[in-house]
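S.K.: return atomic coordinates for the entry below.
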Amino acid sequence: METVPRSGTFTRGDFDKEVLARMDDVYRFAMSLTRDTSQAEDLVQETYLRAFRSWQTFQPGSDARRWLFTICRNAFLRTLERDRRNISLDDGDPDALGAVMLHGQMLQDGSADRLAKLDLAPALADAIAKLNEPFRSTVILVDVEGQAYEEASEVLGVPIGTVRSRLFRGRRQLQEMLREYARDAGFGGNASTGKPHE
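M.R.: Below is the predicted model of the structure:
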């Protein structure tokens with residue numbers, strides 16, 4: 001990753017160049033959070049306004065994209081709170097047994113094999129968009145943006161264990177939605193025969 005010069009030579013111009021180069025990434029992240037073009041544009045604007053106001057807090061040589069993602073997500077959550085749409089979710093222990101059982105059922109009825117043969121990109125994008133916060137932003141950061149657990153933990157402002165829990169639960173919800181997609185597409189298996197519906 002290209003880094004900017006260390007303190008002493010780091011200027012506002014260096015900062016502007018560094019963060020403006022990440023605008024497409026921030027827009028993509030904002031779009032995945034808001035699921036609305038106009039709201040995403042507003043969120044990017046708010047993110048950059050906050051970034052430019054507090055540019056002195058940016059540590060030269062650090063990951064500008066992660067820093068901007070953190071600002072973007074915080075601005076998004078404040079918008080949710082302001083609109084009274086914030087969803088309160090408990091990050092308790094995930095039900096691992098349920099996920100294992102679901103995967104076993106998918107293997108038994110053949111839907112896991114059939115899902116592997118489908119073009120899931122549109123269905124997956126739709127399923128991710130339907131995830132509730134905070135699962136959606138966690139799945140996007142780790143599975144879509146390729147952030148490590150430690151990086152996602154920093155962006156989300158939660159412990160790594162919470163990132164893992166949210167990721168597990170988000171992936172499980174995606175698994176269930178994709179199973180439904182396979183059934184709706186005529187690939188739903190019969191649990192007793194393991195054959196697709198005729």
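
S.K.: list phi and psi for Ser62.
M.R.: Dihedral angles of Ser62 (phi, psi; degrees, to the nearest 10) stand at phi -90, psi 170.

S.K.: give me the helices and strands touching the longest helix anywhere in the chain, please.
M.R.: Determined from DSSP state H, the single longest helix within the chain is helix 160-182. Packing contacts for helix 160-182, counted by 3 or more Cβ pairs under 8 Å, 6 or more residues apart in numbering; DSSP states H and E, involve helix 96-109, helix 111-117, helix 121-130, helix 135-139, helix 149-156. Any C-beta I mention is one placed from the backbone N, CA and C, and that applies to glycine too.

S.K.: avg pLDDT for the last one?
M.R.: Right, the one you point to is helix 149-156. Average pLDDT, helix 149-156: 90.

S.K.: go on, the longest one?
M.R.: Helix 96-109 shows a mean pLDDT of 52 in the predicted model.

S.K.: how about stretch 25-43?
M.R.: Stretch 25-43 comes out at a mean pLDDT of 89.

S.K.: ok, and for it, which residues are buried?
M.R.: Across stretch 25-43, burial judged by 16 or more other Cβ atoms under 10 Å covers 26-27, 29-34, 40, 43.

S.K.: repeat for stretch 148-159
M.R.: For stretch 148-159, burial by neighbour count (16+ other Cβ under 10 Å) applies to 149, 151-156, 158.

S.K.: quick one: the nearest residue to Thr70 once chain neighbours are set aside from Leu174, how far?
M.R.: Nearest in space to Thr70, with sequence neighbours left out and distances taken as Cβ to Cβ, 6 or more residues apart in numbering, is Val155 at 4.7 Å. Separation of Val155 from Leu174 (Cβ to Cβ, to the nearest Å) stands at 20 Å.

S.K.: so where's this structure uncertain?
M.R.: Residue ranges of the chain with pLDDT under 70: 1-8, 82-121, 182, 184-198.

S.K.: got the domain boundaries for it?
M.R.: 12-82, 96-187 (automatic domain parsing).
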